[in-house]
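> please find the sequence and the predicted model below.
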Amino acid sequence: MVYEYIAELATGALLDSFAHPGVSVGEPVGEDRERMVQIFVRQLLLALKHLHDMRIAHLDLRPETILLQDNKLKLADFGQSRRLLRGLITGKIQGSPEFVSPEIVRGYPLTLATDMWSAGTLTYVLLTGISPFHGDNDTETLANVSNCAYSMKGDEWRAFTPEAADFVKHLLLEIPGERMTVDEALEHPWLSDPSLKTAPLSADTLREFKYQHKWL
């Protein structure tokens, strides 16, 4: 089973600062915040690449499934994970409404691109502190996801570089085949700074993120 094969990769301490709204020791803004998110997202993509290279989709990326061990990000909770058969994944998948992709909501066959949508949503949340598809209830949230109803025109985006916005836009695309692959995302200009390859991801850095939901 996929879970048995990969569970050993997912040991470590839960990132409570992401999993629970409002847990924070500070709120870095602008360039400092963006730099922290770049480090986080790059490590997330490297963990995801390990799966995708084996043709395994995680299918449940969200703050609660991200662990930190020895300053390295790891993924956990592989209960929804599937190995691709003939390029597609079929069968019912359930995930967190705010982080699932449109194809999950619509019940369409899934691909590795499903994870890339979730990575885009996580990046949006970590940069802005706003959940892009959050509604008054799960039904409304899922409708927002299905309709790709999100905005990047708010004041919160003015603090970040155009490359950051471009990165998110190329992941939150309705058509799965148009989204960046994990390899393309790692090569995106937003993550091209060579120093990111050696930048540590410390627990203190992670706690400084303020993960919270606001209304769009």
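On my side now, so go ahead.

> in this protein, which spans are helices?
With helices called from DSSP state H, the chain shows them at 2-6, 16-19, 30-52, 102-106, 113-128, 138-146, 162-169, 182-186, 203-207.

> how about a markdown table for these, with mean neighbour count added?
(Glycine included, C-beta is placed from N, CA and C.) Shown next, in a markdown table, are the helices of the chain (neighbours: other CB atoms under 10 Å):
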| stretch | mean neighbour count |
| --- | --- |
| helix 2-6 | 14 |
| helix 16-19 | 18 |
| helix 30-52 | 20 |
| helix 102-106 | 19 |
| helix 113-128 | 24 |
| helix 138-146 | 17 |
| helix 162-169 | 17 |
| helix 182-186 | 17 |
| helix 203-207 | 15 |
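
> which among those is found nearest to Leu84?
Closest to Leu84 of the helices of the chain, according to CB to CB: helix 30-52, at 9.2 Å.

> let me have the helices of the chain in CSV, extended by mean pLDDT and distance to Ile175.
Output for the helices of the chain, formatted as CSV (pLDDT from 0 to 100; distance: least, CB to CB, whole Å):
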stretch, mean pLDDT, distance to Ile175
helix 2-6, 39, 26
helix 16-19, 41, 28
helix 30-52, 88, 18
helix 102-106, 91, 9
helix 113-128, 94, 9
helix 138-146, 93, 13
helix 162-169, 97, 13
helix 182-186, 98, 15
helix 203-207, 56, 33
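
> could those be laid out in JSON lines, adding distance to Leu59?
JSON lines is the format used below for those (distance: least, CB to CB, whole Å):
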{"stretch": "helix 2-6", "distance to Leu59": "10"}
{"stretch": "helix 16-19", "distance to Leu59": "18"}
{"stretch": "helix 30-52", "distance to Leu59": "10"}
{"stretch": "helix 102-106", "distance to Leu59": "8"}
{"stretch": "helix 113-128", "distance to Leu59": "6"}
{"stretch": "helix 138-146", "distance to Leu59": "14"}
{"stretch": "helix 162-169", "distance to Leu59": "20"}
{"stretch": "helix 182-186", "distance to Leu59": "14"}
{"stretch": "helix 203-207", "distance to Leu59": "23"}
